[in-house]
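K.L.:
show me how the following folds:
(3 chains)
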Amino acid sequence: MNTPAPANAVEVTGLSRKFSSKLALNQVSLKVKPGRVFGLVGANGAGKTTLIKHLLGRLKPESGSVRVFGFDPVNDPVAVLGRIGYLSENRDLPAWMRVDELLRYTAAFYPQWDMAYAEELRRQFGLEPRAKIKTLSRGENAKAGLLIALAYRPEMLLLDEPSSGLDPVVRRDILEAIIRTVADEGRTVLFSSHLLEEVDRVADDLAMMFDGRVVLAGALDDVKESHRRLVLRFDSPQPSAPKVAGALSITGSGKEWTAICNGKRDEAVAEALRAGGKVVAEDSPSLDEIFVAWAGAKST
Amino acid sequence: MHSPSAALAWEIWRRHRPRLIAIVGMLLGFVLVYPRLCAVTGFNPDTPDALDEFVRKFLPIANGGPTPLRIGQFFVLLFLVGGPATAMLLSLLCVTWMFTFIEFNPNAKDPVTFPARLFTLPISTSFLYWWLVLGGVTAIFVLFESWIHLVRQPHLEIFGEYQDCFGWMTLMVLAQGIVWALAGWPITRLLVLVGVLFSFLFSPTWGGVFGSPWVLPTLFFLGAVLARVSLQKMRHGQWQGWTWKWAIPGIFAWTKMRGPARFSSPAQAQLWFEWRRFARPLCILVTALVAVPVVTHLLLRVALGGAPLQTDTLFAFTVVLVVIPPVIHFLSSMSPDRTHQPFLMVRPMTDGVMTMTVLKAAAIGTTVSWVAVIAMLATMPLLGDFRTVERNVSVLPECRGAIIIGLIFGSWRMFAVNHCFTRSGIRSLAGVPVLMFLALYAVAIMLSVALHSDYWVVILQRFVPFVPGLLAGLVAVKLLLAYLGFRVCLKRRLLAPSELAGYLAVWVVLVAALLAVVFILPRPPKELILPLSLGVVLIVPLARIAFSPIALAHSRHS
Amino acid sequence: MQLHISTGDGLPIYLQIANQVKYLVASGRLAPGDELSPIRVLAHQLLVNPNTVARAYLELERDGVVQKRHGSGTYVSDSGSPLARKERVKILSERVDALLAEARHLEVEPQELLRLIKERSQSIQPKE
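P.N.:
A predicted model of the protein is given here:
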């Protein structure tokens, strides 16, 4: 292909998608830079899986465009899928296959498959080669899926809620795989999760989705730094949550309230002072608190 | 729903609603329409032996040689003679299946299972058991009596043996017992069920054994006990953990065809995948269905020393053996959701590769399964006087070969042509193959009814000279559609040019082979040469193959 | 190098790493000239993004706690006690700030606090 090397691994522009009457994606745009870990967070039903399906070509964009490594997943499925290693939360490996058959079968599709590496991973994950996939436990099933996604060292690892329902040991394996992928030069990871502490550990960039829209996108450190958590103390007990403009959310009771604000810290502080409260403590909220604050703000 | 009984009844109704409506519809159809149909065609259902009547009516038809009219008449006659009996058989078997209460669950280890959720409801095993057994027995009784008393069934000597209500009830109870006992061993269960079914169907031939009044009640009792025990054991998971300690699989393990150590291309890997996924199980199923009755029969003959099969029965047996593979292939090609696995859709391969490998795997599977059928047909002489059957059928030996080849091709064709409808992901399209089949059947009946009325015969005869022109037009449409379809595939790069060339070569070879079979072997009359050749060209799938990758792409990128 | 990361802390992970390394150096568990774990290895061990570890090492280098040698890794700098002492004081002053804030909250005067410290220091000493 004579296309120049793309600047971004993934470029989504103005993507919209409707399912019957529900708008699953609403003018979604994002860019995933190569060589970085991109975390996609959002509540259940926010549109993360729908977005990922567009990247795989499983869905056709109703409006807008999707480009993965410069290729269109719908018109060029082989070019796109040959560069992606995909693990989904649904365990859809063929139940009748054995583990060794699965490896041999998948190897045929990817010219850059490394048999020795696949064997090493298989041993590391503790998967018996002659075991039938339908006899594997949930965790082993996830490891098998991860194995065939990693063995050919794809340019991009695409994980859709990989840790759902898995025990901590398997979750560690998945995180290790993510780190190993990105530590090798130039390889990208895009994963969606609602286990925010995992996203916090490994993500470089973040995008937060609510109701089919991207409400927040940027480098993870920037996102965390731009949010502040203020502990406010009011002179008199407040019967209900005081209205502090500039704050995303405010929780608490009586005299002490905690407000989370995004970038509008000074405005929030001024508002609080006007309402009769003062700032007793201030620090950075965790990603969990940021997420819940946004969820609360979106629902009001 | 006010009680568990009502709830269970509602579940049967809800799950099998289309089938129940079909059964009642069939019953009503035969009650109301059948006598009129008999009157129209001059067939008297009250004759002492309908088979004699059939042969008597068939001979004048057969004497003229096979023309489309006569073939139509033959099918109508077959329907009139065997229709009610077949319908009764099918409906009774369907009700039996309904009361085993199993459901289809493609994700479970055993795809056909007794719903475990029933065991989490506050009903005792006894209640469930008695409801299902008594319900089943009652339903069989009601249905059986309706068929016998409401429908004017032609008297068939063979069929007289099946007019035993208690026999059907025994079959039902045995089926329940076997299905529940062997929950978790689908293949063993299938083999045993087929064995039992065929033993029942061919029980008239062992008159000595089944004539004794003790056999059926004993079997009924055994079946009932087995059903009760199995239900209990299934509920408390006592069958789990049981493995079949059999040395033989171990011996075969190292010689088993495991596939190459490294596949040389995605197409080869995908072919292996499709073989393992559907073609090999299909082969095994057809082989089992064909082999089990023959082997059971032979074993019982040897063990019990029964008489050889009568010619009529042997003929029926042969026909059944030959009909099983196409039917199984048709049913198998109808299942729409198999390839929609996300696992396959994420592999970097084109839709063209997926389509072509399905067709190749189907071809291999069909050929292998027909090898088994032909092997079983070769053992027919052991079961009875096959020569007499051959003489009665009065079909030349070469024609038999041609028919078999036609059936092999036809079985494969089911997959090829249904693929583009069932894999498109559009639900309304998935029903098209069934509709086409029914439409064909309806046309055959209408034609044959029309042929008995002189008025219509004259009109139809005026159309006969137009038939070659019509066929040629259809061929042109077919080629045009194929051209359009393939052009779109190539443009969207769904299909590689080499794959297209490969299939076109196969198409040419198939057409040539079928033409050879049709013309060299039976030597048809001159006026039929053109229509037959055009028919052959029409039959070998091309246009629908062209649209298959497009349909697959549509479902892949919905 | 035994480090512990907690994600709910509110403190960015790279700062946690940097602080803990500084503490290890200040308390002597990491001697001058010792090599720090390579970035990849530490990232694997802690299950964090290698870029985060890299950023932590950059912070440490900027503060002069560690030095990067061409291609052969990161080493604790040989600077003597003044820097170590500066780090120790910095760590302690953060704790003192927290203590003072708490004291103000509980309405205890700084004088009373000092007296408390002396008292506690005397009662602890015999045990040493």
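K.L.:
hey, let's count contacts and neighbours off CA atoms from now on
P.N.:
OK.
K.L.:
any idea how far B:M98 is from B:G136?
P.N.:
8 Å (Cα to Cα, to the nearest Å).
K.L.:
who touches stretch B:457-464?
P.N.:
B:A450, B:L451 (Cα atoms under 8 Å, 6 or more residues apart in numbering or on different chains).
K.L.:
ranges for the helices of chain C?
P.N.:
Secondary structure of chain C (DSSP state H): helices at C:13-26, C:39-46, C:50-62, C:81-105, C:110-124.
K.L.:
any idea which of the ones you listed has the lowest pLDDT on average?
P.N.:
When those are compared on mean pLDDT, helix C:81-105 scores lowest, with a mean of 77.
K.L.:
which strands or helices does that one pack on?
P.N.:
helix C:13-26, helix C:110-124 (3 or more Cα pairs under 8 Å, 6 or more residues apart in numbering or on different chains; DSSP states H and E).
K.L.:
reformat these into CSV and put distance to B:M345 and mean neighbour count next to each item.
P.N.:
Formatted as CSV, the helices and strands packed on helix C:81-105 follow (distance: least, Cα to Cα, whole Å; neighbours: other Cα atoms under 10 Å in any protein chain shown):
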stretch, distance to B:M345, mean neighbour count
helix C:13-26, 39, 20
helix C:110-124, 70, 11
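K.L.:
quick one: those as CSV, columns for distance to chain B too.
P.N.:
Shown next, in CSV, are the helices and strands packed on helix C:81-105 (distance: least, Cα to the nearest Cα, whole Å):
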stretch, distance to chain B
helix C:13-26, 36
helix C:110-124, 65
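K.L.:
so which of those is nearest chain A?
P.N.:
With distances scored as Cα to the nearest Cα, the stretch of these nearest to chain A is helix C:13-26 (7.5 Å).
K.L.:
show me what the closest one is in contact with.
P.N.:
Taking Cα under 8 Å, 6+ apart as the rule, helix C:13-26 contacts A:201, C:3-7, C:30-32, C:52-53, C:55-57, C:59-60, C:65, C:76, C:84-85, C:87-88, C:91.
K.L.:
one more pass at 6 Å, please.
P.N.:
Helix C:13-26 is contacted by residues C:L30, C:T52, C:A56, C:A84, C:R88 when judged by Cα atoms under 6 Å, 6 or more residues apart in numbering or on different chains.
K.L.:
contacting residues around the last one?
P.N.:
Contacts for C:R88 were tallied using Cα under 6 Å, 6+ apart; they are C:A26.
K.L.:
find the closest residue to chain B in the stretch 151-300 of chain A.
P.N.:
Using Cα to the nearest Cα, the closest approach of the stretch 151-300 of chain A to chain B is made by A:L158 at 11.5 Å.
K.L.:
contacts only, for that residue.
P.N.:
A:G85, A:Y86, A:L190, A:F191.
K.L.:
can you rerun that using 10 Å?
P.N.:
A:38, A:52, A:55-56, A:84-88, A:149, A:178, A:188-192 (Cα atoms under 10 Å, 6 or more residues apart in numbering or on different chains).
K.L.:
check C:V108 too.
P.N.:
Counted by Cα under 10 Å, 6+ apart, C:V108 has contacts C:L100, C:A101, C:E102.
K.L.:
what about the first one, how many neighbours?
P.N.:
Neighbours of C:L100 under the rule other Cα atoms under 10 Å in any protein chain shown: 16.
K.L.:
my guess is it contacts C:E112. True?
P.N.:
No. Taking Cα atoms under 10 Å as the definition, C:L100 is not a contact partner of C:E112, at 11.3 Å.
K.L.:
picking that back up, any chance of the contacts of C:V108 in TSV, plus distance to B:V506?
P.N.:
Formatted as TSV, those follow (distance: Cα to Cα, whole Å):
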residue	distance to B:V506
C:L100	89
C:A101	87
C:E102	87
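K.L.:
spit out the contact partners of whichever residue of chain C sits closest to chain B.
P.N.:
Chain B sits closest to C:N49 of chain C, with a gap of 27.6 Å, by Cα to the nearest Cα. By Cα under 10 Å, 6+ apart, the contact list for C:N49 reads A:36-37, A:175-176, A:178-180, A:182-183, A:199-204, C:13-14, C:39-40, C:42-43.
K.L.:
if we can go back for a sec, can you tell which of the helices of chain C is closest to B:R276?
P.N.:
helix C:39-46 (39.8 Å; Cα to Cα).
K.L.:
next, the buried residues of the closest one.
P.N.:
C:I39, C:R40, C:L42, C:A43, C:H44, C:L46 (16 or more other Cα atoms under 10 Å in any protein chain shown).
K.L.:
and if you look at stretch C:63-70?
P.N.:
So, applying 16+ other Cα under 10 Å, buried residues of stretch C:63-70: C:V65, C:V66, C:Q67, C:K68.
K.L.:
so what's the second one up against?
P.N.:
Contact analysis of C:V66 by Cα under 10 Å, 6+ apart lists C:21-22, C:25, C:32-36, C:57-60, C:74-79.
K.L.:
over to the last one?
P.N.:
If you count contacts by Cα under 10 Å, 6+ apart, C:K68 has them with C:E35, C:L36, C:Y57, C:L58, C:E61, C:T74, C:Y75, C:V76, C:S77.
K.L.:
let's go with 6 Å and repeat that
P.N.:
C:T74.
K.L.:
sec struct for B:R152, please.
P.N.:
Under DSSP: H, G, I helix; E, B strand; the rest coil, B:R152 falls in the coil class.
K.L.:
any idea how far it lies from B:F75?
P.N.:
Noted for B:R152: a distance of 20 Å to B:F75, by Cα to Cα.
K.L.:
would you mark the buried spots in the helix or strand containing B:V458?
P.N.:
Assigned by DSSP states H and E, B:V458 belongs to helix B:454-463. Neighbour counts over helix B:454-463 (16+ other Cα under 10 Å) mark B:V457 as buried.
K.L.:
repeat for stretch B:481-497
P.N.:
Counting neighbours by 16+ other Cα under 10 Å, the buried set in stretch B:481-497 is B:L481, B:A482, B:G485, B:F486, B:V488, B:C489, B:R493, B:L494, B:L495, B:A496.
K.L.:
low-scoring stretches of the stretch 301-450 of chain B, by residue?
P.N.:
B:305-307, B:336-340, B:392-398 (pLDDT under 70).
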